[in-house]
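Engineer: Here is my input, please return the structure:
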Amino acid sequence: MKLTILGGGGFRVPLVYGALLGDHAEGRVSHVTLYDTDADRLTAVARVLEEQSGGVPDAPAVLATTDLDEALRAADFIFSAIRVGGLEGRAADERIALDEGVLGQETVGAGGIAYGLRTVPVADGLARRIARLAPDAWVINFTNPAGLVTEAMSRHLGDRVIGICDSPVGLGRRIARVLGADPDRAWIDYAGLNHLGWVRGLYIDGRDELPRLLADPALLGSFEEGRLFGTELLRSLGSVPNEYLHYYYFNREAVHAYQKAEQTRGAFLREQQLGFYARMKEPGAPALATWDRTRAEREATYMSENREVAGAGEREESDLESGGYEQVALALMRAIARNERTSLILNVRNRTTLSVLDADAVVEVPCLVDANGAHPVAVAPLPYHATALVTAVKAVERAVLDAAASGSRATAAQAFALHPLVDSVAVARRLVDGYTRAHPGLAYLDKP
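Structural biologist: I've put the predicted structure just below:
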C-alpha cells in the first residue's frame, strides 16, 4: 500500500513514519512518497527516516520527490500536511494581528483567517489534481486550519477527504486517565468544529463518568484543561472545552500575553526549525537525535503563554509523549484499508449531525470508520453558548471560501469582521491591507 505525504519535508513527518514502523500486519503501508517543493527539507527529513528505520526489516521504502504528479499517481492514501507561506508566513500572521490588538494564533481569529486565505486556493488546486490523478485515493488532511481546508477539498473529493486533529484525542485521553479509566475503552461525546469543540461526556462501559469529574474540584483541577480554564468555568459549562477555546474564554489575557512575549510562537518555531534544517546539512550530524531534541523542546513550549496566563505551570510528561495525530492517521488508514472498524473523532461533512449547520459543513465529531470511510455519529444538540460560537465561526469559514473563489477583498474583510475575536470592521479592513502587503500569496484578492 502506498502513502504519499504532501509537505513531506515538514518537521512532523517522522512522527507519521514512526507510527508506520510499528505496523507489521498484512496490508500495511509498504511505500512512502515524500513530496515537497523544498528539496533541502526533503533531504533532511529523509535522513531522519533512514535512521528511524534502522534495524526494522520490513520498514516502508521511502521515495522523496519534488514532482507532484509522480507523488500522486498510484497513491492509496494521501496525507496532506502543507504549510503555505512557511513559518515565515505564520510569524507575519501573528505579528500583524497583534499590532492591531487582536489574536494572531495560526488557526484561531485573525491569524487563522489569514492562513486560510493563503491556503484554501492551494488546497483547492491539490484537490482538483488528486481527483484527476488519484481518484480512488483517500485523503487525510492535517493542513491547518484543518476544518476549513477539509471543507474546501471536500468540494472536489467528497467524503474521500477526512480531516484529523490530535487535540480532541489528547483531551479525551487526559480525562480518562484522571478518572482512572483506560483511554482506549472510553467513548468520548465530543462535538463542534476543529479547535472549537467540547467534551460533553466520557463513557466507560455505558456509564458517563464526566459528572464525577465535574463534581470533584480536586480531580478537575489536576489535569491540563482543569488548570488552564479553572474548575469554576468547567463546572459552569458542564463540559470540558478543547484547549483552543482558551483563546475565546480568556481572549484579552491571551492577547496581552502574546503582545508582551519576547517572540510569537511562529517566530520561535521559525528560528528553531531553521536551526534544525541547517544542522541537517552537516554530513556528520546525528539526524534522529537532533530531530528528537528539537521535537521535545517544541512540545514543552506549546501554548506556554496561555498556561502562564492561567498559572497552569509546566506541561506534564504524559502530554509531551508522541501518540497524537500520527496515531489517529494510522488508525484511520487501517480502518479503511483493512476494514478494521473503529471510532475516531474526525473532521467530516456534517450530514445531519449538528442540526444548526448544513449538510456540507465540515464538523469535528465522533465517527465510526470502516472500509467505506468515516460516518459521523448522531450527537446531542449543542447548548446555546456553543451554538453561538460554532455558527459564527462557520460563517467566517464560508466567507473565507467565498473570498478564495471570488478574489473579493470585501468578502475577505467580511471574514475578519464576522469573527468573534475581531471586534471592529475598521480593524478587519486594516488586517486585509496588512496581510495582502505581507503575503504575495494573497495577491489574488484584487477585486472589490
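Engineer: Could you check how far the most centrally placed residue in the chain is from Leu344?
Structural biologist: Central residue check for the chain by CA atoms, centre = their mean: the C-alpha nearest the mean position is that of Cys165, 4.5 Å away. Cys165 sits 10 Å away from Leu344 when distances are taken as CB to CB, to the nearest Å. (C-beta placed from N, C-alpha, C; glycine too.)
Engineer: List the contacts of the one helix or strand Glu232 maps to.
Structural biologist: Following DSSP states H and E, one finds Glu232 within helix 231-237. The contact list for helix 231-237, computed with CB atoms under 8 Å, 6 or more residues apart in numbering, reads Trp198, Leu214, Pro217, Leu220, Gly221, Glu225, Gly226, Val240, Pro241, Tyr249, His385.
Engineer: Mind checking which of these land in strands?
Structural biologist: If you go by DSSP state E, those have Trp198, Val240, Pro241 in strands.
Engineer: Return the member of those nearest to Ala267.
Structural biologist: In terms of CB to CB, no member of the ones in strands among the contacts of helix 231-237 lies closer to Ala267 than Pro241, at 27.0 Å.
Engineer: which ones are touching the closest residue to that closest one other than its chain neighbours?
Structural biologist: Leaving aside its chain neighbours, Pro241 sits nearest to Trp198 (5.2 Å; criterion: CB to CB, 6 or more residues apart in numbering). Contacts for Trp198 (CB under 8 Å, 6+ apart) come out as Tyr190, Ala191, Gly192, Leu237, Ser239, Val240, Pro241, Asn242, Leu245, Leu382, Ala386.
Engineer: And for Gly85?
Structural biologist: If you count contacts by CB under 8 Å, 6+ apart, Gly85 has them with Ala92, Tyr115, Arg118, His439, Gly441.
Engineer: wait, doesn't Ala412 sit right on Val432?
Structural biologist: Yes - Ala412 is within contact range of Val432, at 5.2 Å (criterion: CB atoms under 8 Å).
Engineer: overlap in contacts of those two?
Structural biologist: With CB under 8 Å, 6+ apart as the test, Ala412 and Val432 both reach Leu445.
Engineer: just to revisit the earlier point, for the ones in strands among the contacts of helix 231-237, which one is nearest Gln259?
Structural biologist: Pro241 (23.4 Å).
Engineer: For the closest one, give me the pLDDT.
Structural biologist: As predicted, Pro241 sits at a pLDDT of 98.
Engineer: Gly230 is in contact with that one, correct?
Structural biologist: No - under the criterion of CB under 8 Å, Pro241 makes no contact with Gly230, lying 11.3 Å away.
Engineer: Tell me where this protein has strands.
Structural biologist: With DSSP E, the ranges of strands along the chain come out as 2-6, 31-35, 61-65, 77-80, 138-141, 161-163, 187-193, 196-204, 207-208, 240-241, 342-349, 362-370, 373-376.
Engineer: out of the ones you listed, nearest to Thr301?
Structural biologist: Closest of these to Thr301 is strand 240-241, at 21.6 Å (criterion: CB to CB).
Engineer: Which of Ala412 and Val432 has more residues huddled nearby?
Structural biologist: Ala412 (30 against 25; other CB atoms under 10 Å).
Engineer: and the nearest residue in space to that one that is not next to it in sequence, what pLDDT?
Structural biologist: Closest residue to Ala412 apart from its sequence neighbours, by CB to CB, 6+ apart: Ala403 at 4.1 Å. We note a pLDDT of 98 for Ala403 in this prediction.
Engineer: ok, Ala403 - contacts?
Structural biologist: Residues in contact with Ala403 (CB under 8 Å, 6+ apart) are Leu117, Arg409, Thr411, Ala412, Gln414, Ala415, Leu445.
Engineer: can you list the domain ranges for the protein.
Structural biologist: Domain ranges of the chain: 2-163, 168-249, 252-309, per automatic domain parsing.
Engineer: where does the stretch 251-400 of the chain have low pLDDT?
Structural biologist: 302-323 (pLDDT under 70).
Engineer: What ranges does it have for its helices?
Structural biologist: 251-260, 265-279, 287-300, 304-310, 317-320, 325-338, 384-406 (DSSP state H, counting those that start in this stretch).
Engineer: Ala426 is nearest to which of the domains of the chain?
Structural biologist: Set against Ala426 and scored by CB to CB, those come closest in domain 2-163, at 9.7 Å.
Engineer: Over to that closest one now: how far is its first residue from its last?
Structural biologist: In terms of CA to CA, to the nearest Å, the two terminal residues of domain 2-163 are separated by 19 Å.
Engineer: Relative to its centre, which residue of the chain is most distant?
Structural biologist: Distance-from-mean max, the chain, by CA atoms, centre = their mean: Gly284 at 33.5 Å.
Engineer: how far away is that residue from Thr290?
Structural biologist: 11 Å.
Engineer: Let me see the contact set for Asp124.
Structural biologist: Applying CB under 8 Å, 6+ apart, the residues near Asp124 are Ala152, Met153, Arg155, His156, Ala404.
Engineer: Surely the second one touches Ala137?
Structural biologist: Right, the one you point to is Met153. No - counting by CB under 8 Å, Met153 stays clear of Ala137, with 11.9 Å between them.
Engineer: pLDDT below threshold where in the stretch 1-150 of the chain?
Structural biologist: For the stretch 1-150 of the chain (pLDDT under 70), the answer is none.
Engineer: Right, I'll leave it there.
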